[in-house]
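**Q** here is the input, now give the coordinates:
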Amino acid sequence: MPVPPQDNHRESLEPVPQTPSPHPSRNEDNERDVDVDGYQGDMDEHLRQQSPHADVDTEFFGRGDHLYRNYHTGLNGRPCDVNGVFLPPGASPPPPENLATNDWTPFQNRTEFEMAEFLYKHNQMPAGQIDWLLDLWASTLAKHNDNPPFADHHDLYHVIDSLPFGDVPWQCFMVTCDGERLADEHKPWMDGEYEVWFRDPREVARNMLANLTYANEMDYCPYREYSTEGDKRQWKDFMSGDWVWDQADEIAKDLSTLGSTFVPVILGSDKTTVSVGTSNNEYYPLYASIGNIHNNVRRAHRDGVAVIGFLAMLKRPYIADYEEQVLLACIVHNWCPKCVANREDLDKDALPCTHQRSSLGRSLGRLRNSRATCGKSFSVFLLFLFTKLILFRQPFTNDFPQADIHQMISPDILHQLIKGAFKDHLVTWVEKYLRQTHNKRKAQKIMDDIDRRIAAVASFSGLRRFPQGRRFKQWTGDDSKALMKVYLPAIEGHVPQDIVRTFRALLDFCYLVCRNIITEDSLLQIEDVLSHFHHYHEIFRTTGVVLHFSLPRQHSLMHYVRNIRLFAAPNGLCSSITKNKHIKAVKEPWRRSSRFNALGQILLTNQRLDKLSALIPAQIDQVDEDGGAAALTPAQAAAAAADMHVPAPAAPPPPPLINIDVDLDIDDGPTSSTSGKNRAQTIPELTEELDIPHLSDLLRCFLFQQMHPDDPRCHHDPSDVPLSECPLYLSKIAVFNSASSRFYAPSDLSGIGGMRTEHIRSCPSWRGGHSRNDCVFVNTDSSLPGMQGLEVARVCAFFSFQYRFYPCIVVRWFDKIGDAADEDMGMWMVRPGEGANNTAGYAIIHIDAIYRAAHLIPVYSTEFLPPELKFYHSYDAFCAYYVNKYADHHTFEIAF
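**A** All right, here's what the predicted structure looks like:
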């Protein structure tokens, strides 16, 4: 049983319940101990030796108190005053410094601020055009003896620069190469002098902590979260990981730190290119975030990630991605930065890099001035043999007391899984397999058909289309993500079953580790699909496509379970966050610069953008009548998030029940400006438009169901109800082109609260061309898990009428094929439903029965598609479809 809930800052009466951590079974013959200057290896030290049991504060939260958190009692973020003096138990922290209502200083009013924000931040108007606009504005105000809010762009910039908020000035220092050089080692860059620009990381972190925009989305204390059902642990945000708890244990040994808030700093760096064909167009920004803010804030780019350093790169090759990890960890290329597995077979005996190895790295420092000795010393040879450290390089964290670079390198979903294991490995291997198995002409024919299959996929909200298939040269991370969603059905029938299962296992792995909340059961699933991946991908070796699988990016999959335990859900630490940050922090500021000494202009632009962003929460949130979220304790913030009307997080097995809790409203789509324009206005007209002769009968059955919901005939076959008992409606109707669905989907790109809105289309002419009728999930039994409680239908029309006002939908049903997902593809199969006399199965249902949009991909089998088949024919041209659970992460969590 969980620890009883107590006051948040009192010691609990009993320790936290410890459930054994699941981990792969180990063969004792594969374990090995290495003794080099006191180093002793371990298969996975962290899984075998958990943190010491500590006194914890426990609080229950969520619906029915189905979750509870054990909070660290040492660094527990006790409320204090502005001088750091702890407040009495139960006392609320002081409110933020008050600002006068409507005080927009240095702007005269809110309108003036919004004008500055529009010109500088949103429109990014050049200085010359700002002057032109203000001159035109001044000419219209002259007759009223009035002036525009700003005289010119200089005046605008001066007012922004005088903002007191978000001001962390940039500083600079110079660096030169002063290290020892070999006799034949002389390169031009070694003689240069270079600028390094930076901002005080402590001030940046302090601004993040003070940002009231996401005060409800912040943890002030390390915690471990459990479900009351079986006391199973789950990982979500950074502060729920074991690394934070372990560090808090160490820091709390200093009694002066008790009651403090632990603020972990997360660093990220990546090269970006702002222009091709010009000189000095590569930059290397350094980003920082804090572990206290929730993952969804960091992913939503709500000032939860800030640029703290900038270095203009030399015109030379730059190390990035895995190569950057090699540089940071100071290891030999093609080895793993997190373990000491042999690069000839990385997936065997993957011993973790522990802090002891970093200690060995420090011992290398004593030998740095003796190159001849290092070349001959047997002890140093053993040191290199078992640590794979570069002998005369040290990680920049070498002298940090609480930092082990080999442990702290976080998972990188974008480069390791999406662009690495999926795109660069498996997709490339499929092409090599086809060319190796078939003659050149046959292989090209198959690859052309795979491209046509990809291009034939129907439209879906948020899904990128590939009109030419996968044949384009410049791949981005977003391209690879989109291809993952549609690639598996495209290769079925053209490759062996084991290749299909290999892709399915990798896709399942990617979608599982991308979940917003990862449970102990999820970790077991991750380990299971990883074992399937390793089993089935052997076909690429047995067929001679590859000689070995000793690939660092693919090998990184073996470290995900341990990394999740350490750092919680990986979706808040992916390098895609920093890549997206490049746009606002580097690329757009560079485009608005004069290109001459652009770095200084980029820095100034970032500083002004920070000031504008900081004013709104400072002015609006601080005058909130409820005192803002800064007064919430960690448990209160968690409870506030848990009490949102959202579905409970999926935690299979056992599978979760589908909780239909969404807002769905019919609206006008982009093809019409007013409801009913060029659409039917009566049921007979809609009958003719949709070519459904018995539509009026379906409407009468629908009305009977709505007026007699307890009639048992409504729960079996509504057609059993005689039409004479059903109401008749002959008045006007309003037909709409789309409906918007709003639901909780934190694993996908969504708003700061995890809510996502999508539009479901049903219109005769989409963007002036073909018709579009999307598919939807219909809730039929919310007590059943996954697809057992959902049906799939295609929307024929959205309409409403005033018979007690009913918003409803005309749908055509799809019937499930079988009672489980396909064994190889892992997706459910459906076919167009049939009614009486082999006619299409139509129905009218209430809009509240719709859960969200669904995406179907045809079952292509071994047939080759005709070139003339287009994506808008997809839902009409095939007799069987897969329910695409890879369309997005939310669908993956419900369509099992």
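**Q** and stretch 536-553, average pLDDT?
**A** On average, the pLDDT along stretch 536-553 is 91.
**Q** typed the wrong thing, it's stretch 519-527
**A** 94.
**Q** C-alpha coordinates for it, PDB please?
**A** Only the C-alpha atoms of stretch 519-527 are listed here, as PDB (Å, rounded to 0.1, in the frame of the first residue of the first chain):
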ATOM      1  CA  THR A 519       4.500   3.200 -16.900                       C
ATOM      2  CA  GLU A 520       6.300   0.100 -15.700                       C
ATOM      3  CA  ASP A 521       4.100  -1.900 -18.000                       C
ATOM      4  CA  SER A 522       5.200   0.400 -20.900                       C
ATOM      5  CA  LEU A 523       8.800  -0.400 -20.000                       C
ATOM      6  CA  LEU A 524       8.000  -4.100 -20.300                       C
ATOM      7  CA  GLN A 525       6.400  -3.500 -23.700                       C
ATOM      8  CA  ILE A 526       9.400  -1.500 -24.800                       C
ATOM      9  CA  GLU A 527      11.800  -4.400 -23.900                       C
END
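**Q** buried sites along that stretch?
**A** Residues Thr519, Glu520, Asp521, Ser522, Leu523, Gln525, Ile526, Glu527 are the ones in stretch 519-527 that count as buried (16 or more other C-beta atoms under 10 Å). Using the backbone N, CA and C atoms, a C-beta is placed for each residue, glycine as well.
**Q** quick one, phi/psi of the first one?
**A** Spelled out, that is Thr519. phi -100, psi 170 (degrees, to the nearest 10).
**Q** where does the stretch 51-200 of the chain have low pLDDT?
**A** Applying pLDDT under 70 to the stretch 51-200 of the chain flags the ranges 51-55, 96-102, 182-186.
**Q** and the stretch 401-550 of the chain, by the same measure?
**A** For the stretch 401-550 of the chain, the ranges with pLDDT under 70 are 471-474.
**Q** now the helices for it?
**A** 405-408, 428-437, 440-455, 477-491, 497-513, 520-536, 538-542 (DSSP state H, counting those that start in this stretch).
**Q** go on, the stretch 751-896 of the chain?
**A** Assignment of helices within the stretch 751-896 of the chain using DSSP H, counting those that start in this stretch yields the ranges 874-877, 889-894.
**Q** dump those to a markdown table, plus distance to Leu728.
**A** Shown next, in a markdown table, are the helices of the stretch 751-896 of the chain (distance: least, C-beta to C-beta, whole Å):
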| stretch | distance to Leu728 |
| --- | --- |
| helix 874-877 | 32 |
| helix 889-894 | 37 |
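**Q** closest one to Asp155 among the helices of the stretch 401-550 of the chain?
**A** helix 477-491 (39.6 Å; C-beta to C-beta).
**Q** and that closest one, what's buried?
**A** Across helix 477-491, burial judged by 16+ other C-beta under 10 Å covers 477, 479-491.
**Q** show residues contacting it.
**A** Outside of helix 477-491, the residues within contact range by C-beta atoms under 8 Å, 6 or more residues apart in numbering are 414, 418-419, 422-423, 427, 430, 450, 453-454, 457, 463-464, 466, 470, 472, 499-500, 503-504, 507, 510, 576, 579, 825, 857-860, 882, 884, 886-888.
**Q** C-alpha coordinates for that helix, CSV please?
**A** Provided in CSV are the C-alpha atoms of helix 477-491 (Å, rounded to 0.1, in the frame of the first residue of the first chain):
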residue,chain,number,x,y,z
GLY,A,477,13.3,15.2,-39.6
ASP,A,478,9.7,16.1,-40.3
ASP,A,479,9.8,14.2,-43.6
SER,A,480,11.1,11.1,-41.8
LYS,A,481,8.5,11.4,-39.1
ALA,A,482,5.7,11.6,-41.7
LEU,A,483,7.1,8.6,-43.7
MET,A,484,7.1,6.5,-40.6
LYS,A,485,3.3,6.9,-40.4
VAL,A,486,2.6,5.4,-43.9
TYR,A,487,5.6,3.3,-44.9
LEU,A,488,4.7,-0.1,-43.3
PRO,A,489,1.5,-0.8,-45.5
ALA,A,490,3.4,0.4,-48.6
ILE,A,491,6.0,-2.4,-48.4
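**Q** any idea of the angle it forms with helix 428-437?
**A** 40 degrees (axes from the mean of the first three to the mean of the last three C-alpha atoms, to 10 degrees).
**Q** pull the distance from helix 477-491 to the chain's centre.
**A** 17 Å (C-alpha atoms, centre = their mean, to the nearest Å).
**Q** that helix vs helix 440-455, what angle?
**A** Using the same axes, to 10 degrees: helix 477-491 against helix 440-455 is 110 degrees.
**Q** ok, longest helix in this protein?
**A** Longest helix of the chain, by residue count under DSSP state H: helix 598-620.
**Q** same list (the helices of the stretch 401-550 of the chain) but as JSON lines, adding distance to Pro867.
**A** Below are the helices of the stretch 401-550 of the chain laid out as JSON lines (distance: least, C-beta to C-beta, whole Å):
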{"stretch": "helix 405-408", "distance to Pro867": "52"}
{"stretch": "helix 428-437", "distance to Pro867": "19"}
{"stretch": "helix 440-455", "distance to Pro867": "7"}
{"stretch": "helix 477-491", "distance to Pro867": "15"}
{"stretch": "helix 497-513", "distance to Pro867": "25"}
{"stretch": "helix 520-536", "distance to Pro867": "32"}
{"stretch": "helix 538-542", "distance to Pro867": "30"}
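**Q** which one of the ones you listed lies nearest to His144?
**A** Between those, helix 477-491 lies closest to His144; by C-beta to C-beta that is 49.5 Å.
**Q** give me the pLDDT value at the residue nearest the centre of the chain.
**A** Nearest residue to the geometric centre of the chain (C-alpha atoms, centre = their mean): Asn571, 4.7 Å. Each residue has a pLDDT score; the one for Asn571 is 83.
**Q** measure how buried the closest residue to it other than its chain neighbours is and give me the count.
**A** In this structure, Asn571 finds its nearest non-sequential neighbour in Cys514, 5.0 Å apart by C-beta to C-beta, 6 or more residues apart in numbering. Close neighbours of Cys514, defined as other C-beta atoms under 10 Å, add up to 19.
**Q** what about the strands in the stretch 751-896 of the chain?
**A** 755-763, 772-773, 775-779, 790-801, 806-817, 829-832, 842-846, 850-854, 856-858, 881-883 (DSSP state E, counting those that start in this stretch).
**Q** out of these, which gets the lowest mean score?
**A** Of all those, strand 755-763 has the smallest average pLDDT, which comes to a mean of 87.
**Q** next, the buried residues of that one.
**A** For strand 755-763, a neighbour-count test (16+ other C-beta under 10 Å) marks Met755, Arg756, Glu758, His759, Ile760, Arg761, Ser762, Cys763 as buried.
**Q** contacts for it, please.
**A** 459, 461-462, 646, 667, 669, 671-672, 736-745, 748-750, 771-774, 776, 795-798, 809, 850, 852-853, 890.
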